[in-house]
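Colleague: Below are the sequence and a predicted model for it; my questions follow.
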Amino acid sequence: MALFGLFKSKKESKESLDKGLEKTRENVFSKISRAVAGKSRVDDDVLDDLEEILVTSDVGVDTTLKVIKRIEARVSRDKYVNASELNQILQEEIIALLDENVDGEVKNFEEALKKKPYVIMVVGVNGVGKTTTIGKLSNQFSRAGKKVVIGAADTFRAAAIDQLKVWGERANVPVIAQSMGSDPASVAFDTLQSAVTQDADVVIIDTAGRLHNKIGLMSELSKIKRVMQKVVEDAPHEILLVLDASTGQNAFEQAKQFVAATEVNALALTKLDGTAKGGVVIGISDQFKIPVKYIGVGEKIDDLQLFDRKAFVESLFQSTGK
């Protein structure tokens, strides 16, 4: 089964996405509506207001300036752009920007599971929803008939190990763990050995969720990678950074730290349903040139979606009907 087939149907995903982005959409759309009220065309005042709206919606300054520049070019090219068309123009230009910023090879996530076992190392600070994301992802793979093994290599917190075991039970997935304070690399090694013995399809390795200094973080993650490669030569195939969308600009800072410390090649943005700062997804996707692979839009075990740039942007800027 292809990776996209592990998740909800398009209709179910759309409904969850619309609901999850409700707070951000109401915040952004209401501001844009006020900005164009009484305007017959997109002029400098509208663009200035739009710039402020995007920045305050946590899209980020650099990405916002790119979007404004594209809209200015569009207005100049088309000579006359009706203010009522602004939402549609925004959608088209942001989707185009995000498409340009993602390498064609990483757009097709369905290729991932051709490697066996496919090893995912998950990184991120405490409290961002890392353990929950691992649990939900494990459940999706398990439900699709994939054999999954989880490695509890965050040995810094006993709670992290216990939480993973609970998720493992819910998803019917084995969790390889040692005692608190054990060497994380040793846990990762044992997990991969177990996965190979069991002929597992997917291995998900949790790591310590603390942002210690960059050198210490790099050293620990590098050691885990080296030890895993003694069992699976090209592991990990995916280094997934989990970020909490509700923290807005703080998520940018966390991304900078982890991207500098290890070779992050996929992102997961969580807690979109609880924030009006969903614009951070656009900024992070653009600024780091790393694909957002998953988004969390609810508390349920199946409220984890593959990130669809077009669907996300369309949902974010659609009319609230109010």
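Modeller: Structure's in. What do you need?

Colleague: Name the spans of the stretch 51-200 of the chain whose pLDDT lies under the cut-off.
Modeller: By pLDDT under 70, the low-scoring segments of the stretch 51-200 of the chain are 79-80, 101-113.

Colleague: Glu220 contacts Pro184, doesn't it?
Modeller: Yes. The pair Glu220 / Pro184 is scored as a contact, 6.6 Å apart, by Cβ atoms under 8 Å. C-betas here are computed from N, CA, C, even on glycine.

Colleague: and Asp302, that one's in a helix?
Modeller: No. Under DSSP: H, G, I helix; E, B strand; the rest coil, Asp302 falls outside any helix and is assigned coil.

Colleague: Go ahead and confirm it touches Leu137.
Modeller: No. Applying Cβ under 8 Å, one finds Asp302 not in contact with Leu137, separated by 10.8 Å.

Colleague: which one of those two has more residues nearby?
Modeller: Leu137 (25 against 14; other Cβ atoms under 10 Å).

Colleague: Quick check: phi and psi at the nearest residue to Trp167 once chain neighbours are set aside.
Modeller: Nearest residue to Trp167, sequence neighbours excluded (Cβ to Cβ, 6 or more residues apart in numbering): Gly135, at 2.9 Å. When read as degrees, to the nearest 10, the backbone of Gly135 gives phi -60, psi -50.

Colleague: need the contact list for Gly135.
Modeller: By Cβ atoms under 8 Å, 6 or more residues apart in numbering, the contact list for Gly135 reads 163-164, 166-168, 170-171, 301.

Colleague: now the strands for the stretch 151-300 of the chain?
Modeller: For the stretch 151-300 of the chain, the strands defined by DSSP state E, counting those that start in this stretch cover 175-176, 202-206, 238-244, 266-270, 292-296.

Colleague: Format the CA atom coordinates belonging to the last one as CSV.
Modeller: The one in question is strand 292-296. The C-alpha trace of strand 292-296 is given here as CSV (Å, rounded to 0.1, in the frame of the first residue of the first chain):
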residue,chain,number,x,y,z
VAL,A,292,6.8,19.6,5.8
LYS,A,293,5.8,15.9,5.7
TYR,A,294,3.1,15.7,8.4
ILE,A,295,0.8,18.1,10.2
GLY,A,296,-1.2,17.4,13.3
